[in-house]
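**Student:** what would the 3D arrangement of this be:
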Amino acid sequence: MAQATELEYLKFFFREADFGPADSDIRDLINERFEDTTGKDLPEGYGREEEEGYDEEDEDLEDEEYPT
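**Tutor:** Numbers count the residues shown, from 1 in each chain. Coordinates of the predicted model:
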């Protein structure tokens, strides 16, 4: 069997990893840490805006406080 490259594996892992109910939160934290650590933008296709079904208005709702 041929050995995969690191890039092939990382692309596969990114697609397949599922962090459960906190998946989007964890991915956001990883993306922010990458940008803060490297000083670089995410590669095309890896930002939240590229996710299927993502709506910027949803992000505004996440920060909204609700009465208890």
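**Student:** spatially central residue for the protein, please.
**Tutor:** Arg27 (3.4 Å; CA atoms, centre = their mean).
**Student:** what sits against it?
**Tutor:** Neighbour list for Arg27: Phe19, Arg48 [criterion: CB atoms under 8 Å, 6 or more residues apart in numbering]. Quick note: C-beta positions are derived from backbone N, CA and C, even for glycine.
**Student:** please state the offset of the host helix or strand of it from the chain centre?
**Tutor:** Per DSSP states H and E, Arg27 falls inside helix 23-38. Centroid displacement of helix 23-38 relative to its chain, using CA atoms, centre = their mean, to the nearest Å, is 7 Å.
**Student:** returning to that earlier point: quickly note the distance from the residue nearest to the centre of the chain to Gly20.
**Tutor:** 12 Å (CB to CB, to the nearest Å).
**Student:** cool, and Thr5?
**Tutor:** Noted for Thr5: a distance of 28 Å to Gly20, by CB to CB.
**Student:** neighbour count winner among those two?
**Tutor:** Higher neighbour count among Thr5 and Gly20: Thr5, with 9 against 6, using other CB atoms under 10 Å.
**Student:** tell me how far the more buried one lies from Arg15.
**Tutor:** From Thr5 over to Arg15 (counting by CB to CB), the distance is 15 Å.
**Student:** ok, Lys40 next?
**Tutor:** In this structure, Lys40 and Arg15 are 21 Å apart, going by CB to CB.
**Student:** can you check Pro43 too?
**Tutor:** Using CB to CB, we find Pro43 at a distance of 14 Å from Arg15.
**Student:** Asp25 too?
**Tutor:** Applying CB to CB, the value for Asp25 to Arg15 is 18 Å.
**Student:** neighbour count for these two, which is higher?
**Tutor:** Asp25 (11 against 8).
**Student:** distance of the more buried one from Asn31?
**Tutor:** Distance, Asp25 to Asn31, by CB to CB: 11 Å.
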